[in-house]
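Asks: With the sequence up front, the predicted model follows.
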Amino acid sequence: MEIQDRQVNGISVVQFFGSIDALTAPAVTEHLSGLITAGQTRLVVDLSGVDFTSSAGLRLLLVAVKETRSLGGDLRLAAVQPDVLKVLKISGFTNILKLFEDVDGAVASYG
């Protein structure tokens, strides 16, 4: 699992590469928790490099979105790949999370 961070207009953009599953979820969770703990509660997760997520990935997204929202921020997903989108739809996560076609749209949504 490769993770890259950048700031775009004051929004933290986190990009993951690889699969999010039971093996990689702890590293992803630790990374997102570190950002949130550091006060970066307006997050965009760029999933353009993620082609698979298991229930472990869904669980960590749910925890992160709840954490950011409880602190007055949010977590938004960008560039979700078709296989990951299918899992999000089946699990009902598209009703919980805000999804955008690309990072620019997700960043702009913070207004």
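Replies: Done, it's in.
Asks: Would you map the strands across the protein?
Replies: 2-8, 11-20, 42-53, 74-78, 98-100 (DSSP state E).
Asks: winner for burial among those strands?
Replies: Of all the strands of the chain, strand 74-78 has the most neighbours on average by mean count of other CB atoms under 10 Å, namely a mean of 23. Bear in mind the C-beta positions are built from the backbone N, C-alpha and C, glycine included.
Asks: Across the sheet, point out what pairs with the residue most central in space within the chain.
Replies: By CA atoms, centre = their mean, the mean C-alpha position of the chain lies nearest to residue 45, the distance being 3.4 Å. With DSSP bridges as the criterion, residue 45 is bridged to residue 14, residue 77.
Asks: okay, it: pLDDT?
Replies: Listed pLDDT for residue 45 reads 98.
Asks: same thing with the one 5 residues further on?
Replies: Reported pLDDT at residue 50 in the predicted model: 98.
Asks: One more: the one 10 residues further on?
Replies: Note on residue 60: pLDDT of 96.
Asks: so what's it closest to, chain neighbours aside?
Replies: The shortest distance from residue 60 to any non-neighbouring residue, by CB to CB, 6 or more residues apart in numbering, is to residue 29 (4.6 Å).
Asks: was I right about that neighbour contacting residue 61?
Replies: No: assessed by CB atoms under 8 Å, residue 29 is found out of contact with residue 61, at 9.7 Å.
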